[in-house]
Every structure is written in C-alpha cells, then in structure tokens.
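Asker: Sequence and computational prediction follow.
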Amino acid sequence: MNSTPTNDQLALIGAGFGRTGTTSLKQALELLGLGPCYHMRVAMSRPGHARFWIRAKTDPAVDFRQFFRGYRATVDWPACEFYREIMATFPDAKVLLTVRDPEAWYESTKETLFAVEHALPWWFPRSILRMQDVVIWQGRLHGQFLDRESTLAAFNSHIEEVRRAVPPERLLEYRIEQGWGPLCDFLGLPVPVGIPFPRINDRKYFRRVLLGLRIANWAVPLGVLAVLAAAAA
C-alpha cells in the first residue's frame, strides 16, 4: 500500500458475516482509536442508511466515500457484502475477515438475527426490513436460510471468496477469541495496557430485544383498542 489512511478515511474493512464476533470487534476497534466503527446496529437505527444499502445492490455508482465520511472502520452486515467495492474506494484500508465454526455461526444467527427479523412489529420501518431482505436473507442467502446445508455452504463460500479476492498482505483472517495480539499486529498498533479484550454476549442482548418486541407487538394493538374504546365512550 502506498500510504496510511488519514483520520477521515476508513482504515479497516470488515469482510466477515454478522455473528462472527463483530459486536465485540466493533468495541475493540473503537478502543484502539478506529472509531466510530460502522455496524449493523447503526444501519438498523437509521432508515436513510437502509435505503443507501438497498440502492448499493443495483447501483455501482453509489458514493461509498461520502457515505463513510467520519467512520474509521466497518464490520458486520450490511457493509461486509460490499467489501470489494469498499476496498476499491479505500485502497489503503486493510481487510479483516472474521470467522468462526460454521455450525456455531448458523445456530447463533438462527437464534438472534433470524428470530428478531420474524418478531419485528408491523410498524417497524419498512426500509430497514427491506434492506435486511435484499442484502442478507434474499441476497446473500437466496431465501434459503432455513435450509441449513445451503446456508452453511454460503457461509463457507464467502470465506473462500474473500481469501481469493483480497491480497494476502492486506488481509487478516481472525477469530475473535484470539484477542488483541493478532489484531494489533495487523493494524500496527500497541496492545492496550490493562484493558481486556471486549467480550460482548450478543445472545443476551438479542433475548432482551426479542422480549421487548413481543411486548411491543402486544402493547401497540392494546393501546389502539384503548383509544378506540375511549373515543366510543
């Protein structure tokens, strides 16, 4: 690479799927100074971002440089689906491929992302649901997530694709349990002294989300009925 990314450019591109430790990784990168780090949680909170990712699936002219202004790293879906385009936009950025046991990844995804997708209430922003569908469920996984073998094949195929597409000197294949050492070596940064590597249990987070969604699915209709009853009275 010819130069080091400046502080207003992406320095790291995450090419690994969601549910490969990307939430812990996001926090780790921000502790290392590569923040803010773009993640699916950001996309989920901003319907305008969802529209950008939907457009990116069909429009090669989308402006990734403008979109990522202010971000220093990106991990997780939806951005990992566009790692090659983002690489071309930021030629000095390094690429991080997070991996984990495929069977464990599938079970984790089924219990979290897939479960939440099917528990979202009717009033949830349609653009976000559409983005997830276009990029993940119908896009990467071809509408066959519940076909375990097909989904595991898609997971493994993506890893092989990244290995072929990214120059070795630009790529780190990484398991989150490896902690600070390989990550800091790859980035040329010192290991934080006295700071343990983040271990965020996302399943607990998703259980809370699912509980909240179930409550919301009951509470909103009941609220509407209460308003209608009051009006009728």
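Answerer: Done, it's in.
Asker: Please count neighbours and contacts with C-alpha atoms only from this point.
Answerer: Will do.
Asker: pLDDT at the most centrally placed residue in the chain, what is it?
Answerer: Nearest residue to the geometric centre of the chain (CA atoms, centre = their mean): residue 76, 2.3 Å. Among the per-residue scores, residue 76 shows a pLDDT of 97.
Asker: number of nearby residues for the closest residue in space to it that isn't next to it in sequence?
Answerer: Ranked by CA to CA, 6 or more residues apart in numbering and with sequence neighbours excluded, the top spatial neighbour of residue 76 is residue 18, at 4.5 Å. Taking other CA atoms under 10 Å as the criterion, the count of residues near residue 18 is 24.
Asker: contact partners of stretch 158-172?
Answerer: Residues outside stretch 158-172 that contact it (CA atoms under 8 Å, 6 or more residues apart in numbering): 15, 16, 84, 93, 94, 95, 96, 97, 99, 186.
Asker: Report the distance from that stretch to the chain centre.
Answerer: Computed by CA atoms, centre = their mean, to the nearest Å, the chain-centroid distance of stretch 158-172 equals 18 Å.
Asker: List the buried residues for it?
Answerer: For stretch 158-172, the neighbour count (16 or more other CA atoms under 10 Å) marks 158, 159, 162, 166, 171, 172 as buried.
Asker: Quick one: mean pLDDT for it?
Answerer: Averaging pLDDT along stretch 158-172 yields 98.
Asker: That one: end-to-end distance?
Answerer: Taking CA to CA, to the nearest Å, the first and last residues of stretch 158-172 lie 15 Å apart.
Asker: now do stretch 132-147
Answerer: From the first residue to the last, stretch 132-147 extends over 18 Å; the measure is CA to CA.
Asker: now do stretch 108-119
Answerer: From its first residue to its last, stretch 108-119 covers 16 Å (CA to CA).
Asker: secondary structure class for the closest residue to residue 140 other than its chain neighbours?
Answerer: In space, and not counting its chain neighbours, residue 140 is closest to residue 154: 7.4 Å by CA to CA, 6+ apart. The three-state label given to residue 154 by DSSP: H, G, I helix; E, B strand; the rest coil is helix.
Asker: Equivalent analysis for residue 33, please.
Answerer: Using three-state DSSP, the three-state assignment for residue 33 comes out as coil.
Asker: Now do it against residue 165, distance only.
Answerer: Applying CA to CA to residue 33 and residue 165 gives a distance of 27 Å.
Asker: again, but for residue 20
Answerer: Taken as CA to CA, the span from residue 20 to residue 165 is 20 Å.
Asker: same thing with residue 153?
Answerer: 18 Å.
Asker: what ranges do the strands span in this protein?
Answerer: If you assign secondary structure with DSSP state E, the strands in the chain sit at 12-14, 37-38, 73-74, 94-98, 171-174.
Asker: ok, and what's touching the third one?
Answerer: The one in question is strand 73-74. Residues from elsewhere that reach strand 73-74, judged by CA under 8 Å, 6+ apart: 10-14, 26, 29, 34-39, 80.
Asker: quick one: strands adjacent to that strand?
Answerer: Strand pairing for strand 73-74, using DSSP bridges, gives strand 12-14 (parallel), strand 37-38 (parallel).
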